[in-house]
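Q: Make a model of this:
(one chain, ligands or ions: 1)
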Amino acid sequence: MITVTDATKDWGDFRALDGVSLDVPSGSLTALLGPSGSGKSTLLRAIAGLETLDSGRIEIGGVDVTDVPPQRRGIGFVFQHYAAFRHMTVRDNVGFGLSIRKVAKPTIHSRVDELLELVGLGGLQDRYPAQLSGGQRQRMALARALAIQPEVMLLDEPFGALDAKVRAELRDWLRHLHDEVHVTTILVTHDQEEALDVADHIAVLNHGRLEQVGNPTDLYDHPANSFVMGFLGSVSRLGHTLVRPQHIELRKLAPGEEPVVTDWSAAKITERAVVERVTHLGFETRVELVTLPSGDRFTAALTRKNANELDLAVGDSVLATADRDTEHATFDDWSI
Ligand SMILES: Nc1ncnc2c1ncn2[C@@H]1O[C@H](COP(=O)(O)OP(=O)(O)OP(=O)(O)O)[C@@H](O)[C@H]1O
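A: Numbering: from 1, shown residues only. From the prediction side, this is the model:
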């Protein structure tokens with residue numbers, strides 16, 4: 001378990017961390033998720049001991065490490081741009097942490113071979129970093145961080161510099177790797193899809209404060225506020241309420257039909273709208289609409305089947321309905 005208690009850090013008059021308290025369960029893969037500048041890296045670096053807090057405490061495995069130097073915190077760290085030693089082979093890069101700890105050469109040799117198998121780089125021991133792809137280099141970085149058998153792995157946007165396809169592959173790979181090694185891991189990302197995909201816990205940061213912590217399903221289905229809701233998925237504003245686009249139902253109106261709309265006290269929100277655009281995106285169809293008479297724009301996401309049944313065309317009049325789920329925040333505290 002990593003426990004952060006009331007962590008505060010100022011850069012001049014800018015508060016990068018504002019009283020953050022967080023428990024990271026042992027063996028979990030926890031994502032620190034938030035927009036740029038929300039304090040994710042500052043928090044990660046503080047846990048690593050690379051930044052000192054102005055106030056607050058950090059414990060790893062029940063030990064207060066707040067004043068312990070980074071190299072004695074039992075941490076493996078991987079950055080977005082991995083600083084590989086270019087003149088060293090993959091083998092020597094991965095074994096570096098072991099050789100400076102004066103581990104015997106044969107032990108290093110076999111440990112590195114094992115790690116390279118584990119990260120899918122078996123057979124590439126004698127290559128140099130320049131002879132690896134970006135994705136392979138990041139996997140080498142993870143192998144190097146794992147080599148010292150850290151208690152905790154800290155990953156700061158480790159796949160941030162890679163293209164979308166490789167990122168997605170490495171996400172799957174990281175999940176599987178974590179299932180095998182079970183090292184308590186914190187992953188910093190600003191990408192909600194990455195966090196939802198890979199993490200078993202997500203801590204959402206905004207303006208240096210922790211907005212919500214939970215498992216991906218909880219955060220998605222029961223966001224604590226509109227910021228979390230908007231950050232972990234798409235949102236549409238229907239009337240004064242934020243809803244998920246896929247929770248909006250559409251019914252085509254017959255010519256001349258005058259439905260009863262929006263009774264704000266009702267359990268359902270209803271709006272009359274006109275279809276502005278229909279886009280088929282493989283498994284789903286996105287329908288852009290404009291409400292009548294207020295002229296607000298919103299998007300509904302339908303399944304392809306539902307869209308085919310409705311057979312919507314630009315200019316069609318529809319009735320848009322969504323459940324007024326009280327756990328979904330209202331427009332009034334919408335803050336992104
Ligand atoms: N060494 C520093 N000196 C001054 N300000 C800093 C320093 N490091 C970070 N900051 C500021 O603190 C804020 C939080 O930075 P941090 O890197 O923790 O955010 P982040 O959520 O990781 O963002 P990003 O995703 O862009 O890296 C930013 O506004 C940043 O400019």
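
Q: Give the rounded mean pLDDT of stretch 252-269.
A: Stretch 252-269 shows a mean pLDDT of 76 in the predicted model.

Q: Ok, stretch 99-115 next?
A: Computed over stretch 99-115, the mean pLDDT rounds to 91.

Q: got the buried residues for that stretch?
A: The neighbour-count check on stretch 99-115 (16 or more other CB atoms under 10 Å) flags Ile108, Arg111, Val112, Asp113, Leu115 as buried. All C-beta atoms are positioned from the backbone trio N, CA, C, and that covers glycine.

Q: could those residues go into JSON lines alongside secondary structure and distance to Lys305?
A: Below are the buried residues of stretch 99-115 laid out as JSON lines (DSSP: H, G, I helix; E, B strand; the rest coil; distance: CB to CB, whole Å):
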{"residue": "Ile108", "secondary structure": "helix", "distance to Lys305": "57"}
{"residue": "Arg111", "secondary structure": "helix", "distance to Lys305": "53"}
{"residue": "Val112", "secondary structure": "helix", "distance to Lys305": "52"}
{"residue": "Asp113", "secondary structure": "helix", "distance to Lys305": "51"}
{"residue": "Leu115", "secondary structure": "helix", "distance to Lys305": "47"}
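
Q: next SSE after the longest helix belonging to the chain?
A: Among all segments of the chain classified by DSSP state H, the helix with the greatest residue count is helix 164-181. Past helix 164-181, heading to the C-terminal end, the next element that is a helix or strand (DSSP states H and E) is strand 184-189.

Q: Paired strands for that next one, with orientation please.
A: Based on DSSP bridges, the strands next to strand 184-189 in the sheet, each with its direction, are strand 29-33 (parallel), strand 152-156 (parallel).

Q: Would you map the helices across the stretch 1-150 of the chain?
A: Assigned helices in the stretch 1-150 of the chain, in chain order: 40-48, 90-100, 105-118, 134-147 (criterion: DSSP state H, counting those that start in this stretch).

Q: wait, which of those is closest to Gly56?
A: For these, distance to Gly56 was read as CB to CB. The smallest value, 8.2 Å, belongs to helix 40-48.

Q: Show me what that closest one is in contact with.
A: The set of residues that contact helix 40-48 without belonging to it, under CB atoms under 8 Å, 6 or more residues apart in numbering, is 2, 4, 7, 9, 16-17, 20, 22, 32-34, 51-53, 58, 60, 70, 73, 75, 77, 152, 154, 156, 186, 188-190, 205, 208.

Q: what about that helix, near the ligand?
A: Yes: remark: helix 40-48 sits within contact range of the ligand at Lys40, Ser41, Thr42, by CB under 6 Å from any ligand atom.

Q: Do me a favour and average the pLDDT over stretch 13-27.
A: Within the predicted structure, the mean pLDDT of stretch 13-27 is 96.

Q: typo on my end, it should be stretch 221-232
A: Per-residue pLDDT values across stretch 221-232 average out to 90.

Q: and that stretch, anywhere near the ligand?
A: No: contact of stretch 221-232 with the ligand is not found when judged by CB under 6 Å from any ligand atom; the minimum separation is 12.3 Å.

Q: ditto for stretch 145-159
A: No: against the ligand, stretch 145-159 shows no contacts by CB under 6 Å from any ligand atom, the least distance being 6.8 Å.

Q: What residues sit buried inside that stretch?
A: By neighbour count, with 16+ other CB under 10 Å as the criterion, the buried positions of stretch 145-159 are 145-148, 150-159.

Q: Neighbours of the residue lying closest to Glu211 once chain neighbours are set aside, how many?
A: Residue nearest to Glu211 in three dimensions, not counting chain neighbours: Val204, with 4.4 Å by CB to CB, 6 or more residues apart in numbering. By other CB atoms under 10 Å, 27 other residues sit near Val204.
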